[in-house]
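> Give me a 3D structure for the following:
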Amino acid sequence: MPSPLDGVKILDISRVLTGPFCTMLLGDLGAEVIKIEMPEKGDETREWGPPFVAGESSYYLSINRNKRSLTLDLKSEKGREIFFKLASEADVIVENFLPGTVTRLGIDYEAVRRVKPEIIYCSISGFGQDGPFKSVPAYDLMMQGIGGLMSITGEKNGEPVRIGVALIDIGAGMYAALGIMSALMVKKQTGQGQYVDVSLLDTETSWLTYMATNYFATGKDPVRLGSAHPTIVPYQAYPAKDQPFVLAVGNDAIWHRFCAALGLSLDEDPKFVTNHDRVQNRENLNEILYKLFKQKNAQEWIDLLQAARVPCGLVNAVSQVVNHPQTKHRRMVVEMGHPKAGTIKVLGNPIKLSRTPAQYRLAPPLLGQQTEEILTELGYSSQEISEFRESGVI
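Take a look at the predicted model:
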């Protein structure tokens, strides 16, 4: 059975996280991805560390499987000539430079359309390709602040807190992959390509969801509540005798099961009968629960509550997550053979397709690992390739 994107060829001139994450997802689904990198330097994340595995950045290894690496100087005339030759055979191009950069290089959407009218060209940027902030450089931390996420993350009276992973970069990469897949469907139906414009700010704004509509409804900014939820109680982390655990009483039926499991009559107290009551009396209820949960270890509470079908769990460290039996069962940790680092572990694709599952064909490539192979496929001779290397084109 072929993979979903068999036959789709992608030129990836992006770097760092959001673009490479996007193309890795598409590569997992069968697309052929050619990662174009600057000669000698390559993707910046190749130098991000420690940690390194046999000299290879673990950051880079995490988001670049199922790709072939071609080094190419896009600032050179010959480099652009090679790029357009590749583009004429490609279905998709992905870039995440500051808006205006690909135009200055002469490899923007309109330029590529002249050699491949049906191309799908995806640009990922901080603020989008238009608007007053389009030329402002962006990194995930900056966007977590500007996009409002940090204003609602952290303890109530504490400082704004950055989420522990570059969530906005990753989210924009996911939206870019969705946009590209949508454009491929349109192309299949009409034969026409299109331009896909994805921004980190738009991504984060869309994720504000109920926080934004809460503001629309009340005119009041949401506030930081630590691990708590603004409209559901109890729904947060609680400290047990030995360590914290999370409790998610998402509706009144679960609340009744929770109280029954712990032998409590709180569900009969007028202050706590409904979720609306509990939200209004959050502090009173938490005062009771904080004292109660300190009496036993976290796992004891979890065993008791899970037996009553009350959602709860430990606050796991990364080591616990990647070694969790469910994580292993779902094949969310994958081993791959790397030409330099040996056997490496990377995270699997979370999309589980019954007939055409994700494939892990190629380990993250060394810088320029397939340069000669790709250029040979384009019809260049060994002598031409040697000349390209001597002149710094590759």
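> use CA for all of it now, contacts and neighbours both
OK.
> ok, now which ones touch residue 305?
Residue 305 makes contact with 258, 261, 262, 311, 312, according to CA atoms under 8 Å, 6 or more residues apart in numbering.
> Does the first one touch residue 310 like I think?
Yes. Judged on CA atoms under 8 Å, residue 258 makes contact with residue 310 at a distance of 6.2 Å.
> Need the residues touching each of the two.
Joint contacts of residue 258 and residue 310 (CA under 8 Å, 6+ apart) are residue 249.
> contacting residues around the residue nearest to the spatial centre of the chain?
Per CA atoms, centre = their mean, the C-alpha nearest to the average position across the chain is that of residue 170, at 2.3 Å. Residue 170 is in contact with 17, 18, 21, 22, counting by CA under 8 Å, 6+ apart.
> The last one: how many residues sit nearby?
Yep, that's residue 22 we're talking about. 27 (other CA atoms under 10 Å).
> now the second one
Residue crowding around residue 18 was assessed by other CA under 10 Å; the count is 27.
> quick one, what contacts it?
By CA under 8 Å, 6+ apart, the contact set of residue 18 is 96, 124, 169, 170, 171, 172, 173.
> Just to be sure, which of these are found in strands?
residue 124 (DSSP state E).
> Quick check: the farthest pair among the contacts of residue 18?
Greatest spatial distance among the contacts of residue 18 (CA to CA): 96 and 171, at 13.8 Å.
> Which of those two has more residues huddled nearby?
Just comparing residue 96 and residue 171: by other CA under 10 Å the higher neighbour count belongs to residue 96, 24 against 19.
> which non-adjacent residue is nearest the more buried one?
Among residues not flanking residue 96 along the chain, residue 124 sits closest, at 4.6 Å (CA to CA, 6 or more residues apart in numbering).
> What are the boundaries of the strands in the chain?
Using DSSP E, the strands of the chain run over 9-12, 32-37, 52-53, 56-57, 68-71, 92-95, 120-125, 195-199, 235-239, 244-248, 312-314, 333-338, 342-347.
> List the strands paired with the last one, with their directions.
Read that as strand 342-347. Paired neighbours of strand 342-347 in the sheet (DSSP bridges): strand 333-338 (antiparallel).
> what's next to the partner strand, contact-wise?
Counting by CA under 8 Å, 6+ apart, 322, 327, 343-348, 360, 362-365 sit against strand 333-338.
> Buried residues, stretch 179-193. List them.
179, 180, 183, 184, 187, 193 (16 or more other CA atoms under 10 Å).
> Over to stretch 35-44?
Of the residues in stretch 35-44, those buried (16+ other CA under 10 Å) are 35, 36, 37, 38, 39, 42, 43.
> Give me the mean pLDDT for it.
Mean per-residue pLDDT for stretch 35-44: 96.
> Likewise for stretch 331-351?
For stretch 331-351, the per-residue pLDDT averages 97.
> Could you find the closest non-adjacent residue to residue 299?
With sequence-adjacent residues excluded and distances taken as CA to CA, 6+ apart, residue 299 is closest to residue 314, at 7.5 Å.
> so who does that neighbour touch?
Contacts of residue 314 (CA under 8 Å, 6+ apart): 244, 245, 246, 298, 299, 302.
> I'd like those residues as TSV, with neighbour count appended.
TSV is the format used below for these (neighbours: other CA atoms under 10 Å):
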residue	neighbour count
244	19
245	21
246	21
298	23
299	18
302	19
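> quick check, nearest of the residues you listed to residue 207?
Out of the contacts of residue 314, the member with the shortest distance to residue 207 (by CA to CA) is residue 246, at 22.2 Å.
> returning to what we had before: now do the residue nearest to residue 299 against residue 242, distance only.
Distance of residue 314 to residue 242, computed by CA to CA, to the nearest Å: 11 Å.
> Check residue 315 too.
Relative to residue 242, and taking CA to CA, residue 315 is found at 12 Å.
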